[in-house]
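Colleague: 3D, please:
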Amino acid sequence: MILLWHVFLAFFIPGILGYGGGPASIPLIENEVVGHYHWMTVTRFSNVLAFGNSLPGPIAPQMAGYIGYQVAGVPGSFVALFATIAPSLILLIVLLRLLYKFKDSPKVKWLTLLIRPIIVVMLGMMAYNFFSTSFQSSGWLPLVLIGAVSFVLIQRFRIHPAFVIAGALLIGAAFMG
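Modeller: Have a look, this model is predicted:
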């Protein structure tokens, strides 16, 4: 039972603090899952993130369901999903009238502008951690190969990013296997 409480906290806290949706929540989830509870390594978390990004839909509930299942089985999956969705649901129900009243407030817009750089820094730190972990585990060749080929396919040949992600997953699996 205590494990399910930890799973709940690991996803509820990022749900509350992750203003801006999935991209803002991912570094917070990483901090809880990798840094605080040590349920995964950075490499494992980056693999889960890559797989979650290759699927359609919001990333935070996908990762919560998978990580919750890995940690505590089916009950862990349900608890993690609920914990991820609950903060938004509670805020929408309780504060809907207040949000509607102040949605065009200059102060709210100013606050949003102040939060964006923090989210960018958090995403940059996470990307750096993933980069250094990938470099240490796989070396520079797969890292440069996947990055360069992905860039060329998306920018030059206008290949849809979903196909590029699927190809990168296959290349990554070949180097990991």
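Colleague: hey, let's count contacts and neighbours off CA atoms from now on
Modeller: Will do.
Colleague: got a list of what the residue minimising distance to the centre of the chain touches?
Modeller: Closest residue to the average C-alpha location of the chain: Ile26 at 3.1 Å, with C-alpha atoms, centre = their mean. When contacts are counted by C-alpha atoms under 8 Å, 6 or more residues apart in numbering, Ile26 is found next to 14, 60.
Colleague: let's see that with 6 Å instead.
Modeller: By C-alpha atoms under 6 Å, 6 or more residues apart in numbering, no residues touch Ile26.
Colleague: now it: how far from Ser132?
Modeller: Separation of Ile26 from Ser132 (C-alpha to C-alpha, to the nearest Å): 18 Å.
Colleague: Met122 too?
Modeller: Separation of Met122 from Ser132 (C-alpha to C-alpha): 15 Å.
Colleague: for Gly52, pull up the helix or strand it's in.
Modeller: Using DSSP states H and E, Gly52 sits within helix 42-54.
Colleague: by contact count, what packs against that helix?
Modeller: In this structure, helix 42-54 makes packing contacts with no helix or strand, judged by 3 or more C-alpha pairs under 6 Å, 6 or more residues apart in numbering; DSSP states H and E.
Colleague: give me the mean pLDDT for that helix.
Modeller: For helix 42-54, the mean per-residue pLDDT is 88.
Colleague: residues in contact with that helix?
Modeller: When contacts are defined by C-alpha under 6 Å, 6+ apart, helix 42-54 is touched by residues Ile59.
Colleague: lowest-pLDDT helix or strand in the chain?
Modeller: helix 161-176 (a mean of 80; mean pLDDT, DSSP states H and E).
Colleague: quick one, longest helix in the chain?
Modeller: helix 59-102 (DSSP state H).
Colleague: now do the helix or strand following it: distance to the chain's middle.
Modeller: Next helix or strand after helix 59-102 toward the C-terminus (DSSP H and E): helix 106-138. Helix 106-138 sits 11 Å away from the centroid of its parent chain (C-alpha atoms, centre = their mean, to the nearest Å).
Colleague: flag every buried residue along helix 106-138.
Modeller: 119, 122-123, 126, 130, 132-134 (16 or more other C-alpha atoms under 10 Å).
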